[in-house]
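Trainee: no sequence for this one, just the structure:
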């Protein structure tokens, strides 16, 4: 086996025979680092024992999922843990990744087979300290403070376990490579070994990944391609709420989210996030409205706030939290052109309460109405929910799962819904008033006239 020196991009895994200031693949600056890798020029493929077969001849038995007992976690995974799956969990430092996994480990233990918790960053005493704070008994949880992949795989043969947790993959290395732990080649090779172990033994593996400054999981993008499921643990440190979101899932939907609240005793799942996000509303205030966003199969009602005020400077400012900035600029232009409301010269600030990120087009109409409310200083009825997609010509387009959104609003005590005309003609409910609108101007007239 020969070793050769190459320069690998620490962001995407691109390799080059010489150093480059900018990666040609991902465009990152100063990301190429010199590493030694195996020279696998002899790539003989003769003697393969696996032959192609027809898809219709494949024998398939669907693996039975097992639940963790944490409903929000099981929801994001698609209904439970699939045996032999590899799940990558990323998130900002201190967001609660290790807290979530130690709680999951306690729930996975079934009285016979335990959970192997591998930590390359903390000692057993440190993990025990955190477990005591979270009221985790630790029964059935085996702690292994180790960074060598070979030693970890050796210990898996000695301990009866139902799942493996690796915290984190950037600290694990294999002796087959001479590069440092956390490098592109090490992360890629370790992930491949863990994937192979999970598939051969049908034991699920949970991997914690560090996150870079721009919010992406550290290491090459190939790491996300290797694993079966990629989960991001999101949340603002100024809020106690945490969102677990799937961005890749081979065994379920990528649109589901799990909502948790960080408390002294650990993470508590929130079964009804809508009531939580609306619990501190101030009725009678201009510039606030309740919108309905669909996250997977779950409708979530949350409050959107806007502040429109004259600018003391020559160029008006725009500030956005929880909503796409470019989408806001587009809707401001639609409001000015189609509804005759001159707010282009005003300072505009928007905020989604609770730290949520709303990227669904169905919140467009809510943004339009809350901007109008703040600009006119006219409050919106606190028992009104607004949703609908807005086009460039000022039309209000229909959205998916409108009936589910309306039912959620009625369940929480709202009295009126302003929704697209196309959706309103398909819903018949007596417990809540449904008003269908086809244009932005019509929506504003129904709210303020």
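Mentor: Good, I have the coordinates. Computed from a prediction, not measured in an experiment: that's the story for all the values here.

Trainee: find the helix or strand that residue 408 is a member of.
Mentor: helix 402-411 (DSSP states H and E).

Trainee: report the central residue of this structure.
Mentor: By C-alpha atoms, centre = their mean, the chain has its centre lying nearest to residue 245, at 2.6 Å.

Trainee: confirm that it sits in a helix.
Mentor: No - Residue 245: not assigned to a helix; according to DSSP: H, G, I helix; E, B strand; the rest coil it is strand.

Trainee: next up, the contacts around it.
Mentor: Neighbouring residues of residue 245 by C-beta atoms under 8 Å, 6 or more residues apart in numbering: 76, 231, 232, 234, 257, 258. Placement of C-beta: from N, CA and C, glycine included.

Trainee: now do it against residue 295, distance only.
Mentor: According to C-beta to C-beta, to the nearest Å, residue 245 and residue 295 sit 8 Å apart.

Trainee: surely residue 415 and residue 434 touch.
Mentor: No - the pair residue 415 / residue 434 is not scored as a contact, 10.6 Å apart, by C-beta atoms under 8 Å.

Trainee: what about these two, which has more around it?
Mentor: residue 434 (18 against 14; other C-beta atoms under 10 Å).

Trainee: distance of residue 345 relative to residue 326?
Mentor: According to C-beta to C-beta, residue 345 and residue 326 sit 19 Å apart.

Trainee: next up, the contacts around residue 281.
Mentor: Applying C-beta under 8 Å, 6+ apart to residue 281 gives the contacts 288, 290, 303, 382.

Trainee: neighbour-wise, which of these leads?
Mentor: If you count neighbours using other C-beta under 10 Å, the busiest of the contacts of residue 281 is residue 290, which has 27 neighbours.

Trainee: what helix or strand is that residue on?
Mentor: Secondary structure from DSSP H and E places residue 290 in strand 288-295.

Trainee: which strands and helices sit next to that strand?
Mentor: If contacts are counted by 3 or more C-beta pairs under 8 Å, 6 or more residues apart in numbering; DSSP states H and E, strand 288-295 sits against strand 298-310, helix 364-376, strand 384-386, helix 402-411.

Trainee: quick one: work out the angle between the second one and strand 288-295.
Mentor: Using axes from the mean of the first three to the mean of the last three C-alpha atoms, to 10 degrees, the interaxial angle of helix 364-376 with respect to strand 288-295 works out to 170 degrees.

Trainee: ditto for the last one
Mentor: For helix 402-411 against strand 288-295, the angle by the same axes, to 10 degrees is 130 degrees.

Trainee: circling back to that earlier point, show me whatever sits in contact with both of residue 245 and residue 295.
Mentor: Common contacts of residue 245 and residue 295 (C-beta under 8 Å, 6+ apart): residue 257.

Trainee: show me what counts as buried in stretch 291-306.
Mentor: 291-296, 298-306 (16 or more other C-beta atoms under 10 Å).

Trainee: what's the single longest helix in this protein?
Mentor: Ordering each helix of the chain by length in residues (DSSP state H) puts helix 184-201 first.

Trainee: and for that one, what are the contacting residues?
Mentor: Residues outside helix 184-201 that contact it (C-beta under 8 Å, 6+ apart): 8-10, 13, 33, 35, 37, 84-86, 149, 153, 156, 164, 166, 169-170, 172-174, 176-177, 179-180, 203-205, 207, 219-220, 222-223, 226-227.
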